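Asker: Provided below are the primary sequence and the corresponding predicted coordinates.
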Number of protein chains: 2
Amino acid sequence: MDQNEAKLLAARAAIDELPPRGIIGLGSGSTAKLFVDEVGARVAAGADYRGVPTSKGTRAQAEALGIPLLPDEDGWGEIAVTVDGADEVDEHLNLIKGGGGALTREKIVNDASRRNVIIVDETKIKRRLGETWAVPVEVLRFGFSHARDALGKLGKVRVRAREGEAFVTDAGNFIVDVTTGPIEDPLALDRAMRDIPGVVETGLFVSRASLVIVAGRTGITRLEPKKK
Amino acid sequence: MDQNEAKLLAARAAIDELPPRGIIGLGSGSTAKLFVDEVGARVAAGADYRGVPTSKGTRAQAEALGIPLLPDEDGWGEIAVTVDGADEVDEHLNLIKGGGGALTREKIVNDASRRNVIIVDETKIKRRLGETWAVPVEVLRFGFSHARDALGKLGKVRVRAREGEAFVTDAGNFIVDVTTGPIEDPLALDRAMRDIPGVVETGLFVSRASLVIVAGRTGITRLEPKKK
């Protein structure tokens, strides 16, 4: 099984986590995209779901599939389940997200959801976060160089670019990717980053996964956070 | 002496806190506006200042006065002194700011400044923050109702409006004013608010004043934070 097949296996397994009907959060990124395709197939077959997309890209995909969607600003009520991907998952099921730049919307939808199901292929599982990924941080344009330099005290910073231009988020902000190496205390790092004025949100998702579905050569593994 | 005379007295006293030349932060609001007028008079008389404005409004005012300004996004280096107003000042010199809606830019410029001088008339001095003011919180539009409801667990919330429409910040976001009553622990409240995804920044300025200049019936009082 290659990585794409693993992603598809995880996406299909997440369908079983959905309620029979209701409001669901739709993640962003390559694995979540496969999940949204599956939801589209269920809706086409008559299932009654309304989606809250975590990016403009996912909204466009879901609209094309005919999934009824809620507006971006309000009226969500409580989202029953959100299914989203991740770039890294540590042994406590903390996550790095935001490889696609949608981290802020993803964290807002995560926060508004009763359950959060994360779908990944097995290459994403690490002992600690930061082993291979940088932490994406969304930063306001105003005073950008000040916030970027302050983030530079927490790791090696790189302003995300796309086709030679600064990458711009759905909210019109920039992304700084902060390479930290293995992260001992993700909550403390998340806080230190968010303490910098101008930082909107970070890609560190601490204690935000209800269930992680991992797909790999031996099939599906379901990881749940240890009770505290 | 009325309140406007007190504001002018404080604004003029702040001029003495400026270096002879260099980069200075220009606050927003009615008292800071008087200070910016004073800076304009110094520049007209030949003083070599470059300003970093904390709002579009202050930028327009400073431009009209002929004060050279730095761009919004970068190139500030270290700001020598920022002079700004406040809506409330507590006995530890913590502040509530953001009555004018510029709290996020004000906090970024504050953070980038070596010294921060706060100018107020004596009506702003309280034992604890929250005695008369609500805490303004800047919130992203995406998922707005979720963040507003989460803030509602920390106080009574009111979405700021202007002329019947939602007030929109310089960054395109909304403001929620959170009425809390007297605040026991401003740092903990600031953190609880910023822990809500979608919250960009709060108007709680904890340990961010180097000097508070208070003008009242008996003249000028200078308050400095106690050494820890």
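Answerer: Done, it's in.

Asker: Let's verify A:V117: helix, strand, or coil?
Answerer: strand (DSSP: H, G, I helix; E, B strand; the rest coil).

Asker: of all the residues in chain A, which ones are close to chain B?
Answerer: Counting by CB under 8 Å from any CB of the partner chain, the positions of chain A adjacent to chain B are A:72-76, A:104-105, A:107-112, A:140-147, A:150, A:170-172, A:191, A:194, A:196-198, A:200-201. To be clear about C-beta, it is placed using only N, CA and C from the backbone, and glycine gets the same treatment.

Asker: Quick one, which of those residues are buried?
Answerer: The neighbour-count test (16 or more other CB atoms under 10 Å in any protein chain shown) applied to these identifies A:72, A:76, A:104-105, A:107-112, A:140-147, A:150, A:170-171, A:191, A:194, A:196-198, A:200-201 as buried.

Asker: which stretches of chain A have low pLDDT?
Answerer: A:228 (pLDDT under 70).

Asker: What is the top helix by length along chain A packed up against?
Answerer: For chain A, the helix reaching the highest residue count under DSSP state H is reported as helix A:30-44. Using 3 or more CB pairs under 8 Å, 6 or more residues apart in numbering or on different chains; DSSP states H and E as the contact definition, the elements that helix A:30-44 packs against are helix A:3-15, strand A:22-26, strand A:49-53, helix A:56-64, strand A:79-84, strand A:113-121.

Asker: Which residues belonging to that helix are considered buried?
Answerer: Across helix A:30-44, burial judged by 16+ other CB under 10 Å covers A:31-36, A:38-40, A:43.

Asker: just stretch A:119-130 next, same as before
Answerer: A:119-122, A:124-126, A:128-130.

Asker: try stretch A:89-105
Answerer: Of the residues in stretch A:89-105, those buried by neighbour count under the rule 16+ other CB under 10 Å are A:89-90, A:93-105.

Asker: Any chance of CSV for the helices and strands packed on helix A:30-44, columns distance to B:K227?
Answerer: Formatted as CSV, the entries for these read as follows, by distance: least, CB to CB, whole Å:
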stretch, distance to B:K227
helix A:3-15, 55
strand A:22-26, 49
strand A:49-53, 50
helix A:56-64, 50
strand A:79-84, 47
strand A:113-121, 45
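
Asker: tally of neighbours for the nearest residue to A:K156 once chain neighbours are set aside?
Answerer: Take A:K156 and drop its neighbours on the chain: the residue closest to it by CB to CB, 6 or more residues apart in numbering or on different chains is A:T179, 4.3 Å away. Counted with other CB atoms under 10 Å in any protein chain shown, the burial measure for A:T179 works out to 14 neighbours.

Asker: List the contacts of A:T179.
Answerer: Going by CB atoms under 8 Å, 6 or more residues apart in numbering or on different chains, A:T179 touches A:130, A:134, A:155-158.

Asker: With A:K107 instead?
Answerer: If you count contacts by CB under 8 Å, 6+ apart, then A:K107 has A:97, A:201, A:205, A:208, B:197 around it.

Asker: Next, it: phi, psi?
Answerer: Listed backbone geometry of A:K107 is phi -70, psi -30, with angles given as degrees, to the nearest 10.

Asker: And it, how far from A:R208?
Answerer: 7 Å (CB to CB, to the nearest Å).

Asker: for A:D195, same thing?
Answerer: In this structure, A:D195 and A:R208 are separated by 19 Å, where distance is defined by CB to CB.

Asker: go on, A:K156?
Answerer: Between A:K156 and A:R208 the distance, using CB to CB, works out to 25 Å.

Asker: Ok, A:P20 next?
Answerer: Applying CB to CB, the value for A:P20 to A:R208 is 25 Å.

Asker: Just to check, A:G66 is in contact with A:V43?
Answerer: Yes. Counting by CB atoms under 8 Å, A:V43 is a contact partner of A:G66 at 6.0 Å.

Asker: what's around the residue nearest to A:K33 when sequence neighbours are not counted, how many residues?
Answerer: In space, not counting the residues next to it along the chain, A:K33 is nearest to A:Q61; the distance is 6.5 Å by CB to CB, 6+ apart. Other residues within reach of A:Q61, judged by other CB under 10 Å, total 19.

Asker: wait, what's in contact with A:Q61?
Answerer: A:Q61 makes contacts with A:33, A:36-37, A:53, as judged by CB under 8 Å, 6+ apart.

Asker: rerun that using 10 Å as the cut-off
Answerer: When contacts are counted by CB atoms under 10 Å, 6 or more residues apart in numbering or on different chains, A:Q61 is found next to A:26, A:28, A:32-33, A:36-37, A:40, A:53, A:55, A:67.
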